[in-house]
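[1] structural data only, the sequence is not supplied:
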């Protein structure tokens, strides 16, 4: 009997759009937008098997927001994701105070083939409450990571601090 081939490793990839702008709805003050519904956005796990459940899908992100910032669903946002809530963790980077927020996915997630992808109809689209600053400095860095459990394994996709906000 030939030895079985090892299973290819699971892989988690994701892309989320983070934007900042001074907006008229905030009287010219800064506001943030986070979307998993843009044309390139995705949450994907490769090398799955049909029928495998995927659990504990979540994301954590760090942004330089005011204390008490609240996130609101924007057009088309899915109720599969909880509204981001502050974790209480903070850190200073490049002179800016960053706060951590987390959101979890509550809809059923089961692989149907070798690649699992959350449909765009189940992705998030949030805007922040108005910030105290009237400026939206260019090149604001941010960090986010996403996690999921499958086959008793926790997958983590940490996108690091090499990301900068796009204009909204």
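    Now that the structure is in, tell me what you want to look at. Source: prediction; values computed, not measured.
[2] what bridges to residue 125?
    Counting by DSSP bridges, residue 125 forms beta bridges with residue 35.
[3] okay, and residue 112 sits in which element?
    Assignment of secondary structure by DSSP states H and E places residue 112 within no helix or strand.
[4] cool, and residue 92?
    Following DSSP H and E, one finds residue 92 within strand 85-93.
[5] what count of nearby residues applies to residue 44?
    Residue 44 has 15 neighbours, counted by other CB atoms under 10 Å. Any C-beta I mention is one placed from the backbone N, CA and C, and that applies to glycine too.
[6] could you tell me which residues within stretch 14-31 count as buried?
    14, 16, 17, 18, 19, 20, 22, 23, 26, 29, 30, 31 (16 or more other CB atoms under 10 Å).
[7] please read the previous query as pertaining to stretch 31-47.
    Buried residues in stretch 31-47, counting neighbours by 16+ other CB under 10 Å, are found at 31, 32, 33, 34, 35, 36, 37, 41, 42, 43, 45.
[8] report how many residues lie close to the residue lying closest to the fourth one once chain neighbours are set aside.
    If the residues on either side of it in the chain are set aside, residue 34 comes closest to residue 126, at 5.0 Å by CB to CB, 6 or more residues apart in numbering. When neighbours are counted by other CB under 10 Å, residue 126 registers 20.
[9] residues contacting residue 126?
    Counting by CB atoms under 8 Å, 6 or more residues apart in numbering, residue 126 touches 33, 34, 35, 71, 72, 73, 74, 77, 83, 84.
[10] what's residue 122 in contact with, if anything?
    By CB under 8 Å, 6+ apart, the contact list for residue 122 reads 78, 80, 81, 105, 107.
[11] the same query, at a cut-off of 6 Å, please.
    Neighbour list for residue 122: 78, 80, 107 [criterion: CB atoms under 6 Å, 6 or more residues apart in numbering].
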